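sequence and predicted structure below; questions after.
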Amino acid sequence: MADLIRVGLIGAGENTRLRHIPGLQAIDGVEITAVVNSSPESSERVAAEFGIKNRFETWQELVASPDIDAIVIGTWPNLHCEITCAALEAGKHVLTEARMACDLSEARKMLDVSKQHPDQIAQIVPSPFGLVSGPTLVDLLKSHFVGDLREVVVLGANDQFWDYSKKIHPRQCAKMSGKNVLALGILHETLMRWLPEPVQVFAQSEIFEPTRPSPEENSFVDVTVPDSLQIISELKGGVRCMYHLSGIVLFGPGLQIHLYGSRGTIKIEFVDGEEKVTYGRAQDSELQVMEIPEDERGAWNVEQDFIDAIQGNKPVTLTDFKSGVKYMEFIEAVSRSAEENAPISLPLE
């Protein structure tokens, strides 16, 4: 490969425009040379806005181009597997948006194809939650700052889908988003950076607003992804974990993770891109704000990590395909448990 890394974009949604394009364009030796979006008109707009010289009519044409070394996939999960496998087989490096795929079988196929092409980098855009505080939290848990961890609470409950008069969102359509439910995957991935893997889940789900206005015509369509989900999980070592995910509650708690140990508690709140960490131990009368020193704070570094991996400077850590399959396995187990009204053991066969 030449020193210049030529990147093609397939899908240019909000995260791609706000993060991936600026991030890649800020790296020396990287050029975004082509884009294909959902329509020729939107491809043209993105190309004009960011100075991208080539547009393709289909993603297949972009993947086949000999003038592209790496591909960033910014589509909905329904296309992640097909595009990823085609790109790896065409000799391209791949950075795909999360969630990894529609379901576990697609995720496993992506992992298998990546193993067949070990010289190609295969990376998933990681959950942005916990990037700042994560390194400190890992150290605190290892040092038994809260004692023996006993219980974990994962909250992802807000009113994003409360207004049933709004048009259906792709996240509410299983054909687009697969078995991914609300913020489940993104919060679970964050948690698994810090804690042992789950060994059992028991879930229940509900669709309280079963229809929504169609985005394309004057009609209603079925909602096929739950707007309310509760999970009880057991982690290795006996830690109990409770999840409350909802998109239809007013004045809900938002996005939080609570860690309860024998000697204390740590709470992490994710609000508007910021992470607020509070803690309290037996001798404290109330929770204290944890100030994380600047030199200990993590950060969003996804685009640089992708390029570093391509250049052989370091391996992918956030997030490789093996880790992606792990969180897709959890999502699959949750889906099966809710359908069967029964606990499901992990790992799955």
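All right, it came through fine.

which ones are touching I186?
Neighbour list for I186: A98, R99, S127, P128, F129 [criterion: Cβ atoms under 8 Å, 6 or more residues apart in numbering]. Using the backbone N, CA and C atoms, a C-beta is placed for each residue, glycine as well.

sec struct for the closest residue to R17 other than its chain neighbours, please.
Counting by Cβ to Cβ, 6 or more residues apart in numbering, the nearest residue to R17 once its immediate chain neighbours are dropped is V46, at 7.1 Å. On the three-state scheme (DSSP: H, G, I helix; E, B strand; the rest coil), V46 is labelled helix.

about what we covered before: among the contacts of I186, which one has the most neighbours?
Within the contacts of I186, neighbour counts (other Cβ atoms under 10 Å) peak at R99, which reaches 28 neighbours.

tell me how far W76 lies from A86.
Counting by Cβ to Cβ, to the nearest Å, the gap from W76 to A86 is 17 Å.

tell me which of the two has more neighbours.
W76 (21 against 17).

any idea how far F208 is from the more buried one?
23 Å.

need the single longest helix in the chain, by residues.
helix 321-340 (DSSP state H).

now the very next helix or strand once past that one, how far from the centre of its chain.
Remark: after helix 321-340, the chain's next helix or strand is strand 344-345, criterion DSSP states H and E. Relative to its chain's centre, strand 344-345 lies at 23 Å (Cα atoms, centre = their mean, to the nearest Å).

residues in contact with strand 344-345: which ones?
If you take Cβ under 8 Å, 6+ apart as the criterion, strand 344-345 is touched by V199, Q200, V201, F202, A333, V334, R336, S337.

please convert the buried members of those into PyMOL selection syntax.
Here is the PyMOL command that selects only those of the contacts of strand 344-345 that count as buried (16 or more other Cβ atoms under 10 Å):
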select buried, resi 201+202+333+334+336+337
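
got the contacts of strand 344-345 as JSON lines, with distance to Q283 columns?
Shown next, in JSON lines, are the contacts of strand 344-345 (distance: Cβ to Cβ, whole Å):
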{"residue": "V199", "distance to Q283": "34"}
{"residue": "Q200", "distance to Q283": "35"}
{"residue": "V201", "distance to Q283": "35"}
{"residue": "F202", "distance to Q283": "36"}
{"residue": "A333", "distance to Q283": "39"}
{"residue": "V334", "distance to Q283": "38"}
{"residue": "R336", "distance to Q283": "44"}
{"residue": "S337", "distance to Q283": "40"}
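
now the two most distant members of the contacts of strand 344-345.
Farthest pair in those (Cβ to Cβ) is V199 and R336. Separation: 15.0 Å.

walking through the protein, point out its helices one by one.
Using DSSP H, helices in the chain cover 14-15, 21-25, 40-50, 59-64, 80-89, 104-116, 134-142, 174-177, 184-192, 302-310, 321-340.

could I get these in JSON lines, plus columns for mean pLDDT?
Output for those, formatted as JSON lines (pLDDT from 0 to 100):
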{"stretch": "helix 14-15", "mean pLDDT": "93"}
{"stretch": "helix 21-25", "mean pLDDT": "98"}
{"stretch": "helix 40-50", "mean pLDDT": "97"}
{"stretch": "helix 59-64", "mean pLDDT": "98"}
{"stretch": "helix 80-89", "mean pLDDT": "98"}
{"stretch": "helix 104-116", "mean pLDDT": "98"}
{"stretch": "helix 134-142", "mean pLDDT": "96"}
{"stretch": "helix 174-177", "mean pLDDT": "97"}
{"stretch": "helix 184-192", "mean pLDDT": "98"}
{"stretch": "helix 302-310", "mean pLDDT": "98"}
{"stretch": "helix 321-340", "mean pLDDT": "98"}
